[in-house]
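*Asks:* make a model of this:
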Amino acid sequence: MGFRLLMWILALRLRWLGKNNEAFRKQLELRQVVMQWRTFKGAPARWYHFQGSGVSSGLGLHDKATVTLNFRDAAYAFATLKAAGKNQMVFMEGMQKGDIKIEGDAAQLMWFMSLMKYIMPKKKK
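*Replies:* The predicted model follows:
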């Protein structure tokens, strides 16, 4: 349940940024990337389509994903993504252990990681 909710909240945030944040929109220029997150079993799953006009998202598996982030299971995915906010090394550790597998163009995953500075809302002073 936590992983599914996290993916949905991320979809809302990405769409909002695509409409309201000029610096984020600039990162989308000339992009055509479909990233999907899923468990090894294939569910739960969600895809995110990044393009110059913004970000769209949908449930399930996309038939033309550019890059897929596969997690061992939903509980592991939720715990890892939650911990990654404080320590990005948890992703590397998960990949080394085989609990996270990348399919497709890994360079697009690195590009997505560069968007993290936009995803977390800024704290009010």
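*Asks:* any idea how far apart the tips of stretch 51-71 sit?
*Replies:* In terms of Cα to Cα, to the nearest Å, the two terminal residues of stretch 51-71 are separated by 25 Å.
*Asks:* buried ones in it, by neighbour count?
*Replies:* Of all the residues in stretch 51-71, those buried under the rule 16 or more other Cβ atoms under 10 Å are Gly54, Val55, Ser57, His62, Ala65, Thr66, Val67, Thr68, Leu69, Asn70, Phe71. Backbone N, C-alpha and C define where each C-beta goes, glycine included.
*Asks:* okay if I get those residues as a markdown table plus distance to Lys117?
*Replies:* Below are the buried residues of stretch 51-71 laid out as a markdown table (distance: Cβ to Cβ, whole Å):
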| residue | distance to Lys117 |
| --- | --- |
| Gly54 | 18 |
| Val55 | 16 |
| Ser57 | 20 |
| His62 | 25 |
| Ala65 | 24 |
| Thr66 | 21 |
| Val67 | 19 |
| Thr68 | 23 |
| Leu69 | 19 |
| Asn70 | 25 |
| Phe71 | 23 |
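*Asks:* got those residues as TSV, with pLDDT columns?
*Replies:* Rendered in TSV, the data for the buried residues of stretch 51-71 read as follows (pLDDT from 0 to 100):
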residue	pLDDT
Gly54	94
Val55	97
Ser57	97
His62	95
Ala65	96
Thr66	96
Val67	96
Thr68	96
Leu69	95
Asn70	97
Phe71	97
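*Asks:* helix or strand with the lowest mean pLDDT in this protein?
*Replies:* The weakest-scoring helix or strand in the chain, judged by mean pLDDT, DSSP states H and E, is helix 116-119 (a mean of 86).
*Asks:* tell me what that helix is packed against?
*Replies:* Applying 3 or more Cβ pairs under 8 Å, 6 or more residues apart in numbering; DSSP states H and E, we find helix 116-119 packed against helix 2-20, helix 22-28.
*Asks:* deepest in the core, which of those helices is it.
*Replies:* Counting by mean count of other Cβ atoms under 10 Å, helix 2-20 has the highest mean neighbour count of the helices and strands packed on helix 116-119, with a mean of 16.
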